[in-house]
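In: below are the sequence and a predicted model for it; my questions follow.
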Amino acid sequence: PGAITHLLAIIERMNTVKHKILVLSGKGGVGKSTFSAQLSFALAEMDHQVGLLDIDICGPSIPKMLGLEGQDIHQSNLGWSPVYVESNLGVMSIGFMLPNPDDAVIWRGPRKNGLIKQFLKDVDWGEIDYLVVDAPPGTSDEHISIVQYLQIAGIDGAIIVTTPQQVSLIDVKKEINFCKKVGVPVLGVVENMSGLRQAFSDMKFVKPSEAGETDATEWALNYIKEKAPELLSVVACSEVFDSSKGGAEKMCQEMEVPFLGKVPMDPQLCKAAEEGRSCFTDQKCSASAPALKSIIKKL
Ligand code: ADP
């Protein structure tokens, strides 16, 4: 009976939310939270009432990406109140509950699931048009149960974010198969950090021995990000429109799911995210904002 009460409470709470969009990725670090944050900004800028729910509870980066670091959640008799960026953009994240933003949340499955259930049933979103859910990365059993909860809440579909690399694409296939199995429609796949990684994959890097097992492309990308971020845009621009290798697009054809588009590597997007800003109102995000906009239009 306890489980049924929970489910009924989730369904009732989600009744005031018109559309629920889940943002997934097979791996961490591919830009899933960045996409969730910018999607929420975009929908709010279109005058929709928007909620952003961050259940990526192992590394909650949403408060920072929305410029809400250090804010607290308040409780009322209607439930937990989201923290508002604007009157039409509310955010809920475990990040608001951590005493120290650097605390890694290393919780075991049942506790995580408990918190996610609570997020789904206790947040007072009010009447909103869109709820964007930033889900944890992965395809583990634990992850699967989370998606099932969301499905019970009546999800419209999932957007899957990936990078063009094969290692990420393999996990995306798993994610797509999983969505098909549990009946969550795949709204489409976004290829993020497109261009740069591809350009880098064509180069031969010699990693220092202390880099260990890290993939050479990954290592080089991180190295340049750290030492000379201004170089990123140069390499990115040269490859942005090169789709000859297929990457996610080809995989989407094989898997029969929509391909939504590519977002290039753009240090300015990274900066906007770091500073908790929308890229759409930032002239400098000229490489990434139009790409993101055209993806969002397709939804
Ligand atoms: P995930 O949620 O998949 O773990 P994040 O959204 O946290 O990944 O992104 C990881 C890092 O990459 C962040 O620092 C973010 O700002 C940066 N990033 C994401 N997408 C891009 C992009 N297209 N161009 C440049 N930096 C990006």
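Out: Cool, got the structure. Computed from a prediction, not measured in an experiment: that's the story for all the values here.
In: tell me the SS of the residue in the stretch 151-299 of the chain positioned nearest to the ligand?
Out: Going by CB to the nearest ligand atom, the ligand is nearest to C270 of the stretch 151-299 of the chain, at 3.5 Å. No exception for glycine: its C-beta is placed from N, CA and C like everyone else's. When classified by DSSP: H, G, I helix; E, B strand; the rest coil, C270 comes out as helix.
In: give me the neighbour count for it.
Out: By other CB atoms under 10 Å, 19 other residues sit near C270.
In: likewise P137?
Out: Neighbour number of P137 under other CB under 10 Å is 22.
In: can you give me the distance of the residue of the stretch 151-299 of the chain closest to the ligand to G276?
Out: Using CB to CB, to the nearest Å, C270 is found at 12 Å from G276.
In: again, but for E86
Out: Distance of E86 to G276, given as CB to CB: 13 Å.
In: show me which of those two is the more surrounded one.
Out: Using other CB under 10 Å, the more surrounded residue of E86 and G276 is G276, with 17 against 10.
In: quick one, what contacts that one?
Out: Neighbour list for G276: K64, M65, L66, G67, L68, E69 [criterion: CB atoms under 8 Å, 6 or more residues apart in numbering].
In: so the first one makes contact with L98?
Out: No. At 12.0 Å, K64 and L98 do not qualify as touching, with contact defined as CB atoms under 8 Å.
In: more neighbours: which of the two?
Out: Neighbour totals were compared for K64 and L98, and K64 leads with 19 against 15 (other CB under 10 Å).
In: what's the nearest residue to the more buried one if we skip its chain neighbours?
Out: G276 (6.1 Å; CB to CB, 6 or more residues apart in numbering).
In: surely that neighbour is in a helix?
Out: No. Secondary structure of G276 (three-state DSSP): coil, not part of a helix.
In: and it, how far from I170?
Out: Using CB to CB, G276 is found at 33 Å from I170.
In: over to H19?
Out: 30 Å.
In: and for Y130?
Out: For Y130, the distance to I170 - CB to CB - is 30 Å.
In: for the two, indicate the residue with more neighbours.
Out: Using other CB under 10 Å as the criterion, Y130 and I170 rank with Y130 on top: 22 against 14.
In: so the more buried one touches H48, yeah?
Out: Yes. Y130 is within contact range of H48, at 5.6 Å (criterion: CB under 8 Å).
In: so what's S194 up against?
Out: The contact partners of S194, by CB under 8 Å, 6+ apart, come to T163, P164, E239, V240, G247, A248, K262, V263, P264, M265.
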